[in-house]
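[1] Model the structure of this input:
(chains A and B)
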Amino acid sequence: MTGTASHQDWPLWEVFVRSRRGLSHTHAGSLHAPDAEMALRNARDLYTRRSEGVSIWVVPSAAITASSPDEKDSFFEPAGDKPYRHPTFYEIPDGVKHL
Amino acid sequence: MSTVPATRSAALALGDDALILSHRLGQWAGHAPVLEEEVALANIALDLLGQARILLSLVGDEDELAYRREERAFRNLQVVEQPNGDFAHTLARQLYFSTYQHLLYARLAAGGGAFAPLAAKAVKETAYHRDHAEQWTLRLGDGTTESHDRMQRAVDALWRFTGEPFQPVEGLDAGLGTEADGQGVDWQQLESDWLASVSGVLERATLAVPQGPRTGAWAAGAGRQGLHTEPFGLMLAEMQHLHRSHPGATW
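    Take a look at the predicted model:
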C-alpha cells in the first residue's frame, strides 16, 4: 500500500450489473478506479467473476444525485395511503411476462 | 524427453508456463497496490491455474507434477518465473507473456489439433489477460514521470527473456495444421506478430522499445530444456514446501 498514486486519489464508481436473467441493470456495489475503462475492468473482476452478469455499467459516484434521508417523509410518505395508485384491482391475464 | 509422446511434452511446457505464472501472480495476494487490482491479479492467476490443471492432467498426476518435481524437470519459459518486482515488472511480464500466449492459443484453437478444445476456451481468458496488461502499460507508461520511468525499467529488464518463447515447442511444431501450410505453428510469424503488437503498445505508452538482445546463447530455449534462473528455485521451495512436508494434506 505504498506509492505515489494512492488509492485515495482514484475516484469512486458505482457499478450496475445486468444479470443473466434480468432485464435491467441493478446496483451491485462500488469501487475505486483511475478512469472509466479501468473501472469497467475492475467491475468485471469484482462483480461478475461467478458468471453473474452479461452487461456492466459504471457511473462516477459524483454524478449521482441522491435523495436525502431528511426528505424521506415529504418524498415518500404521501404515497402510502393512496392504494388506488396501485394496479392491484386488475386480473393479470395468463401469459403476460415481466410483471 | 524422447520417451514422452510429443503432445505430452507440449502439454508439460504449456502447463508449466501457466502453473508458474499463476504462482507468481498469487504472491501478490495481500500485497497488491489496491484491492481492485489484487482481485484482478488473483483472477488471472486462477485462470492460469485452471489451464495448468487441464494441461498437466494430460501428462500425469497434477499434484505429483506440481509438487514433487525438481527444478530441472520444469519446462516453463524463464520469463514466467521472474520475480514480481514492483507492479511495473509484474505488468511487463504480463504484457510479454500474455501477448505470446494469446497469439499462440488463437493459432492452436484454429488448428483443430490435440490442444484445440483447451485453447478455444483459454483464448478468451488470455484475451482478457492481454487487455489487462496493455491497459496498465498505457497508463503507467503515459502516466507520471515516476510511473513512466518504472515501466521503462521493467520492460527493459525483462526484454532478454522475450526471445525464448519463439523456440519451437516439440509437439506443437508439426502435424497440427494450424497455419496455412499445414505444418503446425509458424514460429517466425508468431514472433513477428508478437513484436508488432508489443512494440505498438510500448510506443502508444510513450515507452522506448528496448534495443538489447532478446535472448543470449545461454538462454535460447533454456527454460524449455529445464534450465532456470536463480529466483526459480526459491519460488519452487515455497510452492512445494507444504506438500513435501505433509504429503496429501487437505483442508
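
[2] Looking at chain B, which residue is nearest chain A?
    Distances between chain B and chain A by CB to the nearest CB are smallest at residue B:36, namely 4.1 Å. (C-beta placed from N, C-alpha, C; glycine too.)

[3] Check the gap between residue A:61 and chain B for me.
    Residue A:61 sits 14 Å away from chain B, taking CB to the nearest CB, to the nearest Å as the criterion.

[4] Now do the SS call for residue 92.
    Looking at chain A here, since you left the chain open. Assigned with DSSP: H, G, I helix; E, B strand; the rest coil, residue A:92 falls in the coil class.

[5] Could you give the number of residues near it?
    Look at residue A:92: counted by other CB atoms under 10 Å in any protein chain shown, it has 8 neighbours.

[6] go on, the one 4 residues further on?
    Number of residues near residue A:96 (other CB under 10 Å) recorded here: 7.

[7] Is it part of a helix or strand, or is it coil?
    Per three-state DSSP, residue A:96 ends up coil.

[8] looking at chain A, which helix or strand is least sure?
    Least confident helix or strand, chain A: helix A:72-76 with a mean of 82, by mean pLDDT, DSSP states H and E.

[9] Please give me every residue in contact with the residue nearest in space to the middle of chain A.
    In chain A, the C-alpha nearest the mean C-alpha coordinate belongs to residue A:27, at 2.2 Å (CA atoms, centre = their mean). By CB atoms under 8 Å, 6 or more residues apart in numbering or on different chains, the contact list for residue A:27 reads A:14, A:15, A:16.

[10] My impression was that residue B:191 belongs to a helix - is that right?
    Yes: assessed by three-state DSSP, residue B:191 belongs to a helix.

[11] Please tell me I have it right and it contacts residue B:166.
    Yes: the pair residue B:191 / residue B:166 is scored as a contact, 4.1 Å apart, by CB atoms under 8 Å.

[12] who's more crowded, those two?
    residue B:166 (22 against 18).

[13] didn't that one look like it was pressed against residue B:189?
    No: using CB under 8 Å, residue B:166 is not in contact with residue B:189; the gap is 9.8 Å.

[14] element containing residue B:56?
    Taking DSSP states H and E as the definition, residue B:56 sits inside helix B:35-57.

[15] and the next element down the chain from the helix or strand hosting residue B:202?
    Taking DSSP H and E as the definition, one finds residue B:202 inside helix B:187-204. In the C-terminal direction, the helix or strand that comes right after helix B:187-204 (DSSP H and E) is helix B:230-245.

[16] Can you list the neighbours in contact with that next one?
    Outside of helix B:230-245, the residues within contact range by CB under 8 Å, 6+ apart are B:20, B:23-24, B:63, B:66-68, B:71, B:74, B:78, B:81-83, B:249.

[17] how about 7 Å then?
    B:23, B:63, B:67, B:71, B:81, B:82, B:83, B:249 (CB atoms under 7 Å, 6 or more residues apart in numbering or on different chains).

[18] ok, how many other residues are close to the nearest residue to the third one once chain neighbours are set aside?
    What it means is residue B:67. Of all residues not flanking residue B:67 in the chain, residue B:243 sits nearest, at 3.7 Å (CB to CB, 6 or more residues apart in numbering or on different chains). By the criterion of other CB under 10 Å, residue B:243 has 15 neighbours.

[19] what do you get for residue A:76?
    Per other CB under 10 Å, the neighbour tally for residue A:76 reads 10.

[20] So in chain A, which helix runs the longest?
    Among the elements of chain A assigned as helix by DSSP state H, the one spanning the most residues is helix A:36-47.

[21] Specify the angle between that one and helix B:35-57 in degrees.
    Counting by axes from the mean of the first three to the mean of the last three CA atoms, to 10 degrees, helix A:36-47 lies at 60 degrees to helix B:35-57.

[22] Quick check: closest non-adjacent residue to the residue in chain A that chain B sits nearest to.
    Nearest to chain B in chain A, going by CB to the nearest CB, is residue A:42, at a distance of 4.1 Å. Nearest-residue entry for residue A:42: residue B:36, 4.1 Å, with adjacent residues in sequence omitted and distances by CB to CB, 6+ apart.

[23] what sits against the one you found?
    A:31, A:32, A:33, A:42, A:46.

[24] Output the below-cut-off pLDDT ranges for chain B.
    By pLDDT under 70, the low-scoring segments of chain B are B:1-4, B:173-183, B:216-221.

[25] do chain A as well
    A:1-8, A:99.

[26] And residue A:20, its phi and psi?
    phi -50, psi -40 (degrees, to the nearest 10).

[27] can I assume it is in contact with residue A:54?
    Yes: the pair residue A:20 / residue A:54 is scored as a contact, 5.6 Å apart, by CB atoms under 7 Å.
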